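Asker: let's see this in three dimensions:
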Amino acid sequence: MTSKKLTALSFIVLSMMTLLVAQVRATDELEIGVNEGMGSCIKKCAIKCLPFLSPPRIAACSALCILACKLIPPAIVMDCTTGCTNSIIDTYKPTDVVKVNNIVGSCYKTCKHNNL
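Answerer: Got it, this is the predicted structure:
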């Protein structure tokens with residue numbers, strides 16, 4: 001396995017663990033209708049996001065995928081969140097997983113508030 005692929009895989013595992021902790025914290029605060037376990041979301045999202053070799057893109061893809069899988073927001077909210085996240089990442093180019101997760105969370109809150 002090349003070093004880039006190993007780094008990407010390690011980053012996916014790290015970002016998934018970060019998202020898992022955030023999800024556990026969020027379920028204490030929100031009433032979320034969960035249709036499937038976190039394990040199936042992580043597996044689905046890891047496969048979907050593996051082709052991205054840029055750490056911020058992997059984190060954003062993973063966070064957006066987990067959000068869609070666990071919270072099942074309306075399409076308009078999900079589209080808004082994806083556009084907002086990609087725009088901010090393109091502009092500020094964050095390098096930290098936590099920053100990317102915070103960007104996704106902030107975009108989701110704004111989009112949900114504006115579209116529901």
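
Asker: give me the distance between the nearest residue to Ser40 once chain neighbours are set aside and Ile47.
Answerer: Of all residues beyond its chain neighbours, the one nearest Ser40 is Cys69 (7.9 Å), with distances taken as Cβ to Cβ, 6 or more residues apart in numbering. Placement of C-beta: from N, CA and C, glycine included. Cys69 sits 12 Å away from Ile47, going by Cβ to Cβ, to the nearest Å.

Asker: now swap in Leu116 and tell me
Answerer: Remark: distance between Leu116 and Ile47 (Cβ to Cβ) = 30 Å.

Asker: list the contacts of the residue nearest to Ile76 when sequence neighbours are not counted.
Answerer: Excluding its sequence neighbours, the residue lying closest to Ile76 (Cβ to Cβ, 6+ apart) is Asn115, at 5.0 Å. Listed by Cβ atoms under 8 Å, 6 or more residues apart in numbering, the contact set of Asn115 reads 74, 76-77, 80.

Asker: quick one: residues contacting Cys61.
Answerer: When contacts are counted by Cβ under 8 Å, 6+ apart, Cys61 touches 45, 48-49, 52.

Asker: ok, it to Asn101 distance?
Answerer: Between Cys61 and Asn101 the distance is 12 Å, computed by Cβ to Cβ.

Asker: quick one: the helices in the protein, in order.
Answerer: Counting by DSSP state H, the chain forms helices over residues 3-29, 38-49, 55-71, 75-92, 97-115, given from the N-terminal end onward.

Asker: worst mean pLDDT among those?
Answerer: The stretch with the lowest mean pLDDT among the helices of the chain is helix 3-29, which comes in at a mean of 59.

Asker: for stretch 104-116, C-alpha coordinates in PDB please.
Answerer: The C-alpha atoms that make up stretch 104-116 are tabulated as PDB, following Å, rounded to 0.1, in the frame of the first residue of the first chain:
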ATOM      1  CA  VAL A 104     -20.100  21.100   8.300                       C
ATOM      2  CA  GLY A 105     -22.000  21.600  11.600                       C
ATOM      3  CA  SER A 106     -22.200  25.300  11.200                       C
ATOM      4  CA  CYS A 107     -23.400  25.000   7.600                       C
ATOM      5  CA  TYR A 108     -26.000  22.400   8.500                       C
ATOM      6  CA  LYS A 109     -27.400  24.600  11.400                       C
ATOM      7  CA  THR A 110     -27.700  27.600   9.100                       C
ATOM      8  CA  CYS A 111     -29.200  25.700   6.200                       C
ATOM      9  CA  LYS A 112     -31.700  23.900   8.500                       C
ATOM     10  CA  HIS A 113     -32.700  27.200  10.100                       C
ATOM     11  CA  ASN A 114     -33.100  28.900   6.700                       C
ATOM     12  CA  ASN A 115     -35.000  26.100   4.900                       C
ATOM     13  CA  LEU A 116     -37.300  24.500   7.500                       C
END
